[in-house]
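Enquirer: Quick one, fold the following:
(2 chains)
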Amino acid sequence: MANRNTSGKNLEGAITSDDILGKEVIDIDGRMIGAAEKIFIDPVRFVLLGIDVDKGVLKKGLTIGKNYIKKITAHAIFLNISVAYEMKGMLVFDVDGKEIGKVTKVTLRGTRNIIKEIAVKRGVFGSLIVQRNHIARIGENIFLNVGLSDLEPNSST
Amino acid sequence: MGKLVYITEEQYMPARALKSKELIGLRVLSKNGSVVGRISELHLESNSLRMLGVVVSGSKKIYVGKNYFHKITPDSLILNIDPTIFLLGKKVLTYDGQVLGTVKEIRRKGHTNDLKEIVVKSFMKRRLVIQSEKIQSMNNTVILSRHYRGKQKYFWQKS
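Expert: Presented below is the predicted three-dimensional model:
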């Protein structure tokens, strides 16, 4: 049954909560992050603020601000970022390809998707804090632009 | 064992040389940091004795030509490519995020790492062959470009 429209606007191009909720969320690297399970709306201006992403059982959810949403299509929600928290669990290699350890924590600048530093667990050698400026590239795993010996010794915990 | 004796006409700088025992077993990393495997063989050209490439043993056994080497260090051989053969099994999405299937087969240009086309398969549907030009990105998933207009058919539908 067709709805009657009293909005005074042409709603043909609009999307609804049904178009968002349950959709797969995909980051700029093609990584499937999870499913959109909640949307946040500004109660005064009535604009979308962001979405909550369900990453599955036993995994912490994620809230993504609308500025990081590139497009919402019929099948998925695409982000314009590589979600920094997805670095958790990645291996870290120094500039010479020496394995340093695994990322156990990602610290962002405030709530923005900008990495401040990462904590790298080095097995029996404890943990190391690596600053953002030492990260060369992030792909399947992480390459640093310095050697292990160049990382600040008092960063070890 | 005694000290190593050098017999060579060239000015030999051992610090710069790559020794086979250091290379065999060396970890190989792709450009994006994937662990490809470990070097199991070195291949040298029989006339010039130049290194041609290495065999890497991992989830697959692959030969990688030296043109794909970025650098070799005591810790790793880092490639300047992400081997396209590792796209096998990855999900393929349209530009709109619709899941078309998974990569069933990779077809490269000769033996190079350059992709020619992929074959995509999904349950109950016909195989799709997609040219590399129709692929927008190949990372954790394969995402097709907006120009891809192919329609996937069920196996009972005429092609």
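Enquirer: and chain B, which residues reach chain A?
Expert: B:27, B:29-35, B:71, B:73-78, B:82, B:91, B:93-99, B:137-143 (CB under 8 Å from any CB of the partner chain). (Each C-beta comes from the backbone N, C-alpha and C, glycine too.)
Enquirer: Would you mind checking those residues for buried ones?
Expert: B:27, B:29-35, B:75-78, B:82, B:91, B:93-95, B:97, B:138-143 (16 or more other CB atoms under 10 Å in any protein chain shown).
Enquirer: separation between A:T111 and A:Y68?
Expert: A:T111 sits 11 Å away from A:Y68, going by CB to CB, to the nearest Å.
Enquirer: for A:S82, same thing?
Expert: Taken as CB to CB, the span from A:S82 to A:Y68 is 10 Å.
Enquirer: how about low-confidence regions in chain B?
Expert: Residue ranges of chain B with pLDDT under 70: B:1, B:15, B:151-159.
Enquirer: which stretches of it form helices?
Expert: For chain B, applying DSSP state H gives helices covering B:20-23.
Enquirer: Farthest from the middle of it: give me that residue.
Expert: Centroid-distance maximum for chain B: B:G2 at 41.9 Å, with CA atoms, centre = their mean.
Enquirer: quick one on the thing from earlier: between A:T111 and A:Y68, who's got more neighbours?
Expert: Neighbour totals were compared for A:T111 and A:Y68, and A:Y68 leads with 16 against 8 (other CB atoms under 10 Å in any protein chain shown).
Enquirer: residues contacting the more buried one?
Expert: A:79-81, A:113 (CB atoms under 8 Å, 6 or more residues apart in numbering or on different chains).
Enquirer: Now with 10 Å, please.
Expert: A:27-28, A:50-51, A:79-81, A:83, A:112-113 (CB atoms under 10 Å, 6 or more residues apart in numbering or on different chains).
Enquirer: chain center to the helix or strand hosting A:I77: distance?
Expert: In the assignment (DSSP states H and E), A:I77 maps to strand A:76-79. Centroid displacement of strand A:76-79 relative to its chain, using CA atoms, centre = their mean, to the nearest Å, is 12 Å.
Enquirer: same check, this time on stretch B:138-146
Expert: 17 Å.
Enquirer: and what of stretch A:111-124?
Expert: With CA atoms, centre = their mean, you get 13 Å for stretch A:111-124.
Enquirer: tell me how far the ends of it are from each other?
Expert: Its start and end residues considered, stretch A:111-124 measures 32 Å (CA to CA, to the nearest Å).
Enquirer: in it, what counts as buried?
Expert: A:113, A:115, A:117-120, A:122.
Enquirer: so which helix or strand takes in A:D18?
Expert: In this structure, A:D18 is located in helix A:17-20 according to DSSP H and E.
Enquirer: What residues of that helix count as buried?
Expert: A:I20.
Enquirer: Close to chain B: what parts of chain A are there?
Expert: Residues of chain A that fall close to chain B, judged by CB under 10 Å from any CB of the partner chain: A:23-32, A:71-78, A:82, A:86, A:90-99, A:136-143, A:147-148.
Enquirer: And those, which of them are buried?
Expert: Neighbour counting over the residues of chain A next to chain B (16+ other CB under 10 Å) leaves A:23-30, A:32, A:72-73, A:75-78, A:82, A:86, A:90-99, A:138-143, A:148 as the buried ones.
Enquirer: that older thread, I'd like the list of the residues of chain A next to chain B that fall within strands, please.
Expert: Counting by DSSP state E, the part of the residues of chain A next to chain B found in strands is A:24-26, A:32, A:71-72, A:76-78, A:91-93, A:99, A:136-138, A:142-143.
Enquirer: Thank you kindly, that will do.
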